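In: no sequence on this one, just coordinates:
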């Protein structure tokens, strides 16, 4: 939205709430899609905000293949994911929330999983 991760839009508005409102005006449902363990679209910390989960808990972030992944076995990461999901379902009216934790984690790391 602003071109800088971690920087809120100015003037401030809630982008997801705005998306939901505009979609509902047009009869469109908005579904949440979470990929909770992928921390970056590159196998490094480049471009991540200082408060990004991969920087806050750096010892649980691992370059693997073409991505940076968060450790699903670390309790602090599991707790963070639960907190994010609770925040989403508390603040927004969404008919579906989909979670995916395997995209791109296979042996073939030469693609981004959506091809």
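Out: Yes, it's here. Computed from a prediction, not measured in an experiment: that's the story for all the values here.
In: name the nearest residue to residue 39, sequence neighbours excluded.
Out: residue 54 (3.9 Å; Cβ to Cβ, 6 or more residues apart in numbering). Backbone N, C-alpha and C define where each C-beta goes, glycine included.
In: packing partners for the one helix or strand the one you found maps to?
Out: Using DSSP states H and E, residue 54 sits within helix 53-56. Using 3 or more Cβ pairs under 8 Å, 6 or more residues apart in numbering; DSSP states H and E as the contact test, the elements touching helix 53-56 are strand 38-40, strand 61-64, strand 67-70.
In: what comes up buried for that helix?
Out: Residues of helix 53-56 classed as buried: 53, 54 (neighbour count, 16 or more other Cβ atoms under 10 Å).
In: contacts for that helix, please.
Out: Helix 53-56 is contacted from outside by 39, 40, 45, 48, 49, 61, 68, 70, 77, 80, using Cβ atoms under 8 Å, 6 or more residues apart in numbering.
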